[in-house]
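Trainee: would you be able to build a 3D model of this:
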Amino acid sequence: MKILFAASEAVPFIKTGGLGDVVGALAEALKRQRHDVRVVLPKYRDIRQTPHPLTPLPFTLRVPLGGTEIPVRVWETRFGPRVPAYLIDSPLHFERDGVYCDAEGRDFADNDVRYIVFSRAVLELCKAVGFRPDVLHTHDWQSGLVPALLADAYRQDAFFIPTASVFSIHNLAYQGVFPKETLGLAGLSWDSFTKEKLEFYDRINFLKAGVAFSQIITTVSPTYAREVQSEEFGRGVDGFLRLRTDRFFGVLNGLDTRVWNPARDPHLAKRYSAKSLGGRAACKEDLQKFAGLSVDPRAPIFGMVSRLDPQKGFDIVLDILSEFIENGCQAVFLGAGTPSYQAGLKTFARKHPRRVASFHDFNEPLAHKIYGGIDVFLMPSRFEPCGLGQLIALRYGAVPVVTPTGGLKDTVENVSADGQAGVGFVADRVETVFFRDALRRAVAFHGADPRRWREIQKRGMALTLDWTASVARYLELYEKARALKKAEAA
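Mentor: So this is what the prediction gives:
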């Protein structure tokens with residue numbers, strides 16, 4: 001099958017969150033099953049190094065923008081098991097510091113124009129290189145206009161008649177909402193500006209465009225698929241998602257188990273596996289020394305590797321942390337984001353210099369050390385579409401303590417009262433008091449019986465967390481999308 005991914009980020013080129021991890025890993029997994037999968041993304045300034053040389057393609061795309069055309073160059077490279085990647089090079093739009101926002105965290109004022117140029121370039125590129133995808137798989141609002149353009153501006157283009165669209169929502173909190181005049185810049189007809197299509201409170205919504213015009217819509221866990229169809233989590237589009245519920249599916253993300261493998265991880269002080277957990281003691285000591293914590297093998301260490309964002313529940317952590325630190329626990333945090341959370345964590349680290357450490361420049365080796373050395377991974381998310389942190393933690397024997405939302409609910413089975421079942425500790429509700437209770441229970445288990453704690457770790461490490469089942473499900477949905485497109489064209 002010919003599959004084209006259009007996304008605003010993809011590992012190994014650019015990553016601001018889980019979207020980049022998923023796009024890169026899923027493309028590689030599909031390629032390993034011998035599908036002709038290719039990836040298109042913008043050529044940002046931050047893309048300085050690539051796994052293989054960048055080669056300029058011998059043409060310049062003329063990308064429509066309103067009543068003008070933008071000249072766009074394209075660079076080709078590859079990654080993973082020879083997955084071709086095309087980088088859309090429009091310096092005016094992508095050659096700047098930051099991916100979506102400036103150094104102060106403000107969204108770029110022209111994000112609508114930037115991703116219109118990208119979306120139009122994706123389709124023009126297909127024709128320029130002669131790659132007619134069976135499925136065009138777009139991801140999040142930044143490429144949400146691609147399915148709309150296929151169904152509107154390119155509806156008479158014979159090249160794309162057999163191409164089906166699949167649109168994936170990785171986080172509904174980000175929708176790409178812009179003035180309605182953006183419609184003209186994109187080259188879309190005003191017939192599309194209706195509640196059933198692009199209109200969103202008299203504005204245009206790029207994410208809604210992907211939902212409205214794709215044959216199949218997915219999101220990254222079954223529970224999140226249900227949650228976003230409710231008013232509580234739906235961010236204003238829940239009713240529209242319910243209208244398309246027969247085409248909307250939750251598919252759990254997988255984990256790149258070649259990268260996240262404690263038996264082979266070069267960043268760990270000592271490698272280990274579920275069959276032989278002895279190396280974790282050396283990893284714990286190494287983390288304590290690196291982070292400036294007291295070297296104490298009995299102290300439960302908590303860890304978080306996350307952007308500092310209200311979604312991730314850092315307010316919950318800051319509210320309850322003192323109790324646990326004052327009772328002998330330790331904590332290590334890695335992430336950047338909301339200044340107030342960063343300041344709060346730094347205050348804890350200053351107040352408890354041998355028990356709390358906080359790092360705010362992203363450091364991939366340190367992330368691996370944290371997963372390999374902590375006892376408990378904290379994930380008190382207010383909402384969590386899927387979550388990769390808990391999957392990595394399980395893989396590394398760091399027992400997760402989570403809230404019952406989205407992918408956390410789908411992947412973390414609560415430890416039973418006798419400790420004979422379950423892989424983590426799940427709060428009863430997404431509230432501070434209930435997360436505190438779950439963490440208290442985890443600490444009690446950790447201190448009560450080391451053998452029982454190891455059994456919890458081993459059960460988590462034994463889970464199948466790779467992409468195998470998810471890829472099979474995506475292939476089913478791709479075939480369903482193709483059948484729907486064929487029926488619509490008949």
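Trainee: shouldn't F324 be in contact with F302?
Mentor: Yes: with contacts counted by C-beta atoms under 8 Å, F324 reaches F302, the gap being 7.1 Å. Using the backbone N, CA and C atoms, a C-beta is placed for each residue, glycine as well.
Trainee: what sits in contact with each of these two?
Mentor: Shared contacts of F324 and F302 (C-beta atoms under 8 Å, 6 or more residues apart in numbering): A331, L439.
Trainee: those two: which is more packed in?
Mentor: Counted by other C-beta atoms under 10 Å, F324 and F302 do not tie: F302 has more neighbours, with 24 against 20.
Trainee: can you show me the helices along the stretch 1-150 of the chain?
Mentor: Using DSSP state H, counting those that start in this stretch, the helices found in the stretch 1-150 of the chain span residues 18-32, 91-94, 111-129, 145-151.
Trainee: what score does G187 have for pLDDT?
Mentor: pLDDT for G187: 95.
Trainee: returning to what we had before: winner for burial among the helices of the stretch 1-150 of the chain?
Mentor: helix 145-151 (a mean of 27; mean count of other C-beta atoms under 10 Å).
Trainee: what about it, distance to the chain center?
Mentor: On the basis of C-alpha atoms, centre = their mean, to the nearest Å, helix 145-151 sits 23 Å off its chain's mean C-alpha point.
Trainee: after that helix, which helix or strand is next?
Mentor: Downstream of helix 145-151, the next assigned helix or strand under DSSP states H and E is strand 164-169.
Trainee: immediately after that following strand, which helix or strand?
Mentor: Once the chain leaves strand 164-169, the next helix or strand it forms, by DSSP H and E, is strand 177-179.
Trainee: in that next one, which residues are buried?
Mentor: Using 16 or more other C-beta atoms under 10 Å as the test for burial, strand 177-179 gives V177, F178.
Trainee: and it, what other elements does it pack with?
Mentor: Here strand 177-179 touches helix 111-129, strand 203-205, going by 3 or more C-beta pairs under 8 Å, 6 or more residues apart in numbering; DSSP states H and E.
Trainee: not counting its own residues, what contacts that strand?
Mentor: N111, D112, F200, R203, I204, N205, F206.
Trainee: mind checking how far whatever helix or strand comes next after it is from the chain centre?
Mentor: Next helix or strand after strand 177-179 toward the C-terminus (DSSP H and E): helix 182-186. Here helix 182-186 is found 28 Å from its chain centre; the criterion is C-alpha atoms, centre = their mean.
Trainee: helix 182-186 - contacts with which helices or strands?
Mentor: Other elements packing on helix 182-186 under the criterion 3+ C-beta pairs under 8 Å, 6+ apart are helix 111-129, helix 145-151.
Trainee: from the contacts of strand 177-179, which two are the most distant?
Mentor: The distance between the two most remote of the contacts of strand 177-179 (C-beta to C-beta) is 15.5 Å, for N111 and F200.
Trainee: pull the number of nearby residues for F159.
Mentor: 12.
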